[in-house]
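Participant: prediction below, plus the sequence it came from.
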Amino acid sequence: MTNSSDNIDQSFNFSFFTSVDKKQIRWGYMKSNRSCIYLNNVKKEWDLAKNDGTTKNKENIEDNCKGIILLLNGRTEFMEKYQSVASRLSSMGYHVMSLDWRGQGLSARELPNQDKGYVKNFQLYINDLELFFNLYAAPLSIKFNLPITIIAHSMGGHITLRFLSEVYKNGYKMDMLNIEKSILISPMIDIITSPVKKDFLDISTNWGTRLLADIAIKAKFGASYIPGGKDYSIKNAKFENNLLTHDWDNFWLEHREIAKNRKLALGGVTWGWLKAAFDSIDTLNDKDALSKIRTAIWILSAEQDRVVSNKAQKQICQALPNVKFISIPNSRHEILFEKEDIRKLLWKNITNILSNNSI
């Protein structure tokens, strides 16, 4: 069983909303399971209510909830993969909300070949997140006065920073939005395009890849796979020398879920997605916009990450006014799905952050 130290007690309740550009986006909700952890206290409350004739409705149960967590995943991922993560957060006393980004999971795909990783621009992701937030997270937060925490992995971390940047740029008052903090796990501040860890090679390869992406878009190849990109196949999955995790069982988690539902699968990236990612990376690195973000941000960085750049994560901390950088030793990109000792350290940090309102 995946994440053997975690209790998988609940499942997401799934639904859909319609994006501004009329795409169907899947979202999920997992109610706080704190009543299971504090069963005796809750039982006493209900027994007392029955004995004294008072009425306890569902709004009173919210008193046992610590807040709302927006759980935002990375490229290729989907909510089923995060079931154990969401259930753990639920058992800690949080309502958990999540979504499948457009072009992946069971949200609308952008191309006829649904295996191709494509988005026209990252602003579409941000628009979807903003609408999702306004439709579901904000009303629940306001109704029950529940603070919101964003926990986001990889591409989800990138989108979170873009979202926060736009929120502050547009002059929203954060006490109205009630976003208390953000925990960014292996956030995609920049992409590593070279498999060899050498700064000069990283820079030169990154520059070359950006140039090729520009050329490909101008030549109308945006919907074509980049070299090496292909449709999803379990045959292409190899644990040995993978860049994601040291944990065998968790490496296969995503593939086990796809085996249950092939529609969850996503293949490699297209030139269109890559160009959109590079453009968004440039937009994100607006130091003036970043300096306006006042939300407390924790960056939990994977020490052995070769998917996204740790160097870029450290550099962006210089522009953020309320941030703390924590490196998780010996971890690869998917820290939430690492081997147990690494995961324990990660969750220790997450638990401390959730219980502490200041950097």
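Facilitator: Yep, that arrived.
Participant: from here on, just use CA atoms for contacts and neighbour counts.
Facilitator: Will do.
Participant: can you give me the strands for the stretch 151-300 of the chain?
Facilitator: With DSSP state E, counting those that start in this stretch as the criterion, the stretch 151-300 of the chain has strands at 179-185, 296-302.
Participant: can you tell me which of those strands is nearest to residue 98?
Facilitator: Between residue 98 and the strands of the stretch 151-300 of the chain, the shortest gap by Cα to Cα is with strand 179-185, which sits at 14.4 Å.
Participant: now the strands of the stretch 151-300 of the chain as TSV including mean neighbour count?
Facilitator: Shown next, in TSV, are these (neighbours: other Cα atoms under 10 Å):
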stretch	mean neighbour count
strand 179-185	25
strand 296-302	23
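Participant: tabulate the ones you listed (TSV), appending distance to residue 238 and mean pLDDT.
Facilitator: As requested, these are arranged in TSV below (distance: least, Cα to Cα, whole Å; pLDDT from 0 to 100):
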stretch	distance to residue 238	mean pLDDT
strand 179-185	23	96
strand 296-302	20	98
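Participant: for the closest residue to residue 331 other than its chain neighbours, name its beta-bridge partners.
Facilitator: Nearest non-adjacent residue to residue 331, counting by Cα to Cα, 6 or more residues apart in numbering: residue 302, 5.0 Å away. Here residue 302 sits in beta bridges with residue 328, as judged by DSSP bridges.
Participant: how close does residue 302 sit to residue 328?
Facilitator: To residue 328, residue 302 is 5 Å away according to Cα to Cα, to the nearest Å.
Participant: okay, the strands of the stretch 151-300 of the chain in TSV with distance to residue 120 next?
Facilitator: Converted to TSV, the strands of the stretch 151-300 of the chain look like this (distance: least, Cα to Cα, whole Å):
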stretch	distance to residue 120
strand 179-185	24
strand 296-302	27
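Participant: so which of these gets nearest residue 14?
Facilitator: Of all the strands of the stretch 151-300 of the chain, the one in closest proximity to residue 14, counting by Cα to Cα, is strand 179-185 (23.2 Å).
Participant: just checking, what packs against the closest one?
Facilitator: On a contact count with 3 or more Cα pairs under 8 Å, 6 or more residues apart in numbering; DSSP states H and E, strand 179-185 meets strand 148-153, strand 296-302.
Participant: next, format these as JSON lines and append distance to residue 231.
Facilitator: Converted to JSON lines, the helices and strands packed on strand 179-185 look like this (distance: least, Cα to Cα, whole Å):
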{"stretch": "strand 148-153", "distance to residue 231": "23"}
{"stretch": "strand 296-302", "distance to residue 231": "28"}
